[in-house]
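S.K.: Pasting the sequence and the predicted model now:
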Amino acid sequence: MTTADTTTTDLCEAGWPIVNRYGPDNYGLTMVTSDKSLCSGQVTTWTYQGKVSLPFRAVIFRPLTDSDTQFKVVGINHIPAGAANTPVIYSVPEADRITVQEGDVIGWTSGNAVITWNFGETTIVRWVGGNLHVGLAADQIIDINAGYQAREYSIRATVESSDSGTTFAH
């Protein structure tokens, strides 16, 4: 006799709904510092909509406890170019999944503007243009005193928690 596996998987997400927005913005580094809705677990998918079909790097940052402007790069996923103006779901290969903890934040970096955006209500996004995307690596400390604004982007990270129970979404 076999028994059914009744284990459920918790999911949590950080980011926004994937919808058509104004256009791409910000080459360099963009970070969502006010959305700390990630749970502890591993990033399983990145969902996004780009205005152009170009690769980019999705990044998980960890705020340093003694600063509101310094963040540690937890991990980076290299996202291949997807179709422009179409929602894309990138499933992260198991070996490349970033382990996150509650309070981590999402970001992305590219040499070109890729992710679509529009002005938002409350979510604060900080960005650093220029060449910060060059040489960005895990464990690097980023001081992000640059511009910030209330914006919404068409990007979302989904984290599979190691706990079981309810499914969470942001």
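M.R.: Yep, that arrived. All figures in this text were calculated on a predicted structure; none of them were measured in a lab. Numbers count the residues shown, from 1 in each chain.
S.K.: so where's the chain shaky on pLDDT?
M.R.: Applying pLDDT under 70 to the chain flags residues 1-27, 34-37, 121-125, 127-134, 145-148, 162-170.
S.K.: mind listing the strands for it?
M.R.: Taking DSSP state E as the criterion, the chain carries its strands at 11-15, 23-24, 28-32, 41-48, 56-63, 70-79, 88-91, 99-100, 105-110, 116-128, 141-143, 148-153, 155-161.
S.K.: Sheet partners, orientation included, of the fourth one?
M.R.: It stands for strand 41-48. Applying DSSP bridges, strand 41-48 is found paired with strand 88-91 (antiparallel), strand 99-100 (antiparallel), strand 155-161 (antiparallel).
S.K.: coming back round to it: got the strands of the chain as CSV, with distance to residue 135 and mean neighbour count columns?
M.R.: Using the backbone N, CA and C atoms, a C-beta is placed for each residue, glycine as well. As requested, the strands of the chain are exported to CSV (distance: least, C-beta to C-beta, whole Å; neighbours: other C-beta atoms under 10 Å):
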stretch, distance to residue 135, mean neighbour count
strand 11-15, 25, 21
strand 23-24, 22, 16
strand 28-32, 12, 25
strand 41-48, 21, 20
strand 56-63, 11, 22
strand 70-79, 11, 18
strand 88-91, 23, 14
strand 99-100, 22, 20
strand 105-110, 10, 24
strand 116-128, 13, 17
strand 141-143, 12, 14
strand 148-153, 23, 18
strand 155-161, 22, 23
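S.K.: For residue 55, list the residues it contacts.
M.R.: Residues in contact with residue 55 (C-beta atoms under 8 Å, 6 or more residues apart in numbering) are 78-81, 110.
S.K.: Could you give the backbone dihedrals for it?
M.R.: Main-chain dihedrals, residue 55, degrees, to the nearest 10: phi -70, psi 160.
S.K.: Would you quantify the distance from it to residue 46?
M.R.: 12 Å (C-beta to C-beta, to the nearest Å).
S.K.: Overlap of the contact sets of those two?
M.R.: Joint contacts of residue 55 and residue 46 (C-beta under 8 Å, 6+ apart) are residue 79.
S.K.: so who does residue 60 touch?
M.R.: By C-beta under 8 Å, 6+ apart, residue 60 lies in contact with 38, 43, 73-76, 98, 100, 104-107, 157.
S.K.: How about residue 79?
M.R.: Going by C-beta under 8 Å, 6+ apart, the list of residues near residue 79 reads 46, 48, 55-58, 90.
S.K.: re the thing from before, out of the strands paired with strand 41-48, which gets nearest to residue 142?
M.R.: Nearest to residue 142, of all those, is strand 99-100, at 16.3 Å by C-beta to C-beta.
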